[in-house]
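Participant: Just to be clear, the model below is a prediction. Sequence and coordinates:
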Amino acid sequence: MKRDRFEVANKLQGESLVRKGLLRAYEGRPQLRMMPELNVVKIGGHGIIDYGKEVLLPLLAEIGELSRENQILVVTGGGVRVRHILDVGLDLGMPTGVLAELSGKISEQNAIMVSILLSPYHGTRIHTADLLELPMLMNLGVLPVIHGTPPYGLYEQPAHVGSIPPHRTDTGAFLAAEVLGAKNLILVKNVDGLFTGNPFTDKGAVCIPDITASELLAMEMEDMVLEPKVVELMLDAKHVHEVKIINGHEPGNIRRVLAGERIGTVIRAE
């Protein structure tokens with residue numbers, strides 16, 4: 001017996017939402033940029049926070065001063081403690097989703113510490129659910145700090161190779177910048193940018209000042225200073241068309257980027 005579906009009249013009525021013709025019909029439509037003047041600054045746990053006060057405190061002072069005249073969202077990475085929990089979890093055979101849930105707690109801890117250190121500049125730790133409150137928080141003079149692990153948690157997608165969660169803190173910073181329509185996404189690391197190899201072990205590695213996402217993916221590099229998932233997502237991004245990688249161990253680099261100077265590495269969508 002054929003039954004009629006209860007419908008609500010709309011342009012997508014009866015659609016499966018996966019039909020290619022339907023998807024193409026909506027391609028190119030502009031999306032609202034909620035915060036077009038926002039600068040998302042991701043502080044690496046492994047590259048910055050784990051070095052302690054000698055590196056972290058001057059960097060936070062620079063960010064705090066810049067926040068007086070610029071909209072900044074600080075995103076924190078995990079670092080050495082993520083490596084530790086992943087090591088234990090991998091040894092015990094934990095599923096990828098469980099590893100994502102465990103490692104996400106570390107970047108949250110770093111967000112709490114960084115927000116407290118930024119308290120002289122109105123630093124405030126926010127949660128992923130608070131992103132839509134950012135326009136109001138910025139108008140109140142808040143310097144928001146959020147942890148970088150995207151909230152997939154137990155629903156993390158399986159890794160293409162191995163078990164380590166592919167969506168980590170670089171990716172979370174990218175996704176936050178994308179949904180907010182940010183002006184800049186700056187990944188603050190402990191190297192001068194993206195190199196052809198690991199500059200700490202490969203003396204012949206050279207810095208790549210400018211490259212497209214497709215060119216970088218085609219290189220199939222053994223190791224990179226950022227998560228490959230960020231580069232993959234750039235190909236379909238609507239707002240974030242550049243990712244900037246700079247050395248946070250050199251004072252003034254964030255100021256230089258916000259002033260429009262091209263330093264470190266710029267990865268372009270095309």
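Facilitator: Noted; the coordinates are in hand. Residues are numbered from 1 along each chain as shown.
Participant: okay, CA-based contacts and neighbour counts for the rest of this
Facilitator: Fine.
Participant: which residues make contact with the helix ranked longest in the chain from outside it?
Facilitator: Secondary structure of the chain per DSSP state H: the longest helix is helix 96-117. For helix 96-117, contacts defined as C-alpha atoms under 8 Å, 6 or more residues apart in numbering pick out 45, 49, 57, 60, 75-79, 81-82, 85-86, 89-90, 123-125, 144-150, 152-159, 163-165, 168-169.
Participant: Quick check: buried residues in it?
Facilitator: 96-108, 110-112, 114-117 (16 or more other C-alpha atoms under 10 Å).
Participant: Then stretch 50-60?
Facilitator: 50, 55-60.
Participant: Can you tell me what sits against it?
Facilitator: By C-alpha under 8 Å, 6+ apart, stretch 50-60 touches 48-49, 79-80, 117-118, 248-249, 251.
Participant: hmm, 7 Å instead?
Facilitator: Stretch 50-60 is contacted by residues 48-49, 79-80, 118, 248-249, 251 when judged by C-alpha atoms under 7 Å, 6 or more residues apart in numbering.
Participant: and of those residues, the nearest to Glu65?
Facilitator: The closest of the contacts of stretch 50-60 to Glu65 turns out to be Leu118 (C-alpha to C-alpha; 10.1 Å).
Participant: That closest one: neighbouring residues, count only.
Facilitator: Residue neighbour count, defined by other C-alpha atoms under 10 Å, stands at 21 for Leu118.
Participant: related to what we said a few turns ago, can you name the two of the contacts of stretch 50-60 that are farthest apart?
Facilitator: Top of the distance list for the contacts of stretch 50-60 (C-alpha to C-alpha): Val80 and Pro251, 23.1 Å.
Participant: and the residue nearest the centre of the chain, which of the three is it?
Facilitator: In the chain, the residue lying closest to the centroid (C-alpha atoms, centre = their mean) is Ala173, at 1.9 Å. Put simply, Ala173 is helix when judged by DSSP: H, G, I helix; E, B strand; the rest coil.
Participant: could you check the distance from the residue lying closest to it once chain neighbours are set aside over to Val80?
Facilitator: What sits nearest to Ala173 in space, not counting adjacent residues and going by C-alpha to C-alpha, 6 or more residues apart in numbering, is Gly148, at 5.6 Å. Using C-alpha to C-alpha, to the nearest Å, Gly148 is found at 15 Å from Val80.
Participant: ok, those two, which is more surrounded?
Facilitator: Using other C-alpha under 10 Å as the criterion, Gly148 and Val80 rank with Gly148 on top: 32 against 15.
Participant: Contacts only, for that one.
Facilitator: Gly148 makes contact with 75-77, 107, 169-170, 172-173 under the criterion C-alpha under 7 Å, 6+ apart.
Participant: just to revisit the earlier point, what's downstream of the longest helix of the chain, the next helix or strand?
Facilitator: strand 123-125 (DSSP states H and E).
Participant: which of the residues in whichever helix or strand comes after that next one are buried?
Facilitator: Proceeding N to C from strand 123-125, the next assigned helix or strand is helix 134-139, under DSSP H and E. Judged by neighbour count (16+ other C-alpha under 10 Å), helix 134-139 contains these buried residues: 134, 138.
Participant: moving C-terminal of helix 134-139, what's the next helix or strand?
Facilitator: strand 143-147.
Participant: Packing partners of that next one?
Facilitator: For strand 143-147, the packing partners by 3 or more C-alpha pairs under 7 Å, 6 or more residues apart in numbering; DSSP states H and E come out as strand 71-76, helix 96-117, strand 123-125.
Participant: Direction included, what does that strand pair against?
Facilitator: Paired neighbours of strand 143-147 in the sheet (DSSP bridges): strand 71-76 (parallel), strand 123-125 (parallel).
Participant: For that strand, give me every contacting residue.
Facilitator: With C-alpha under 7 Å, 6+ apart, strand 143-147 has contacts from 67, 72-77, 107-108, 111, 115, 121-127.
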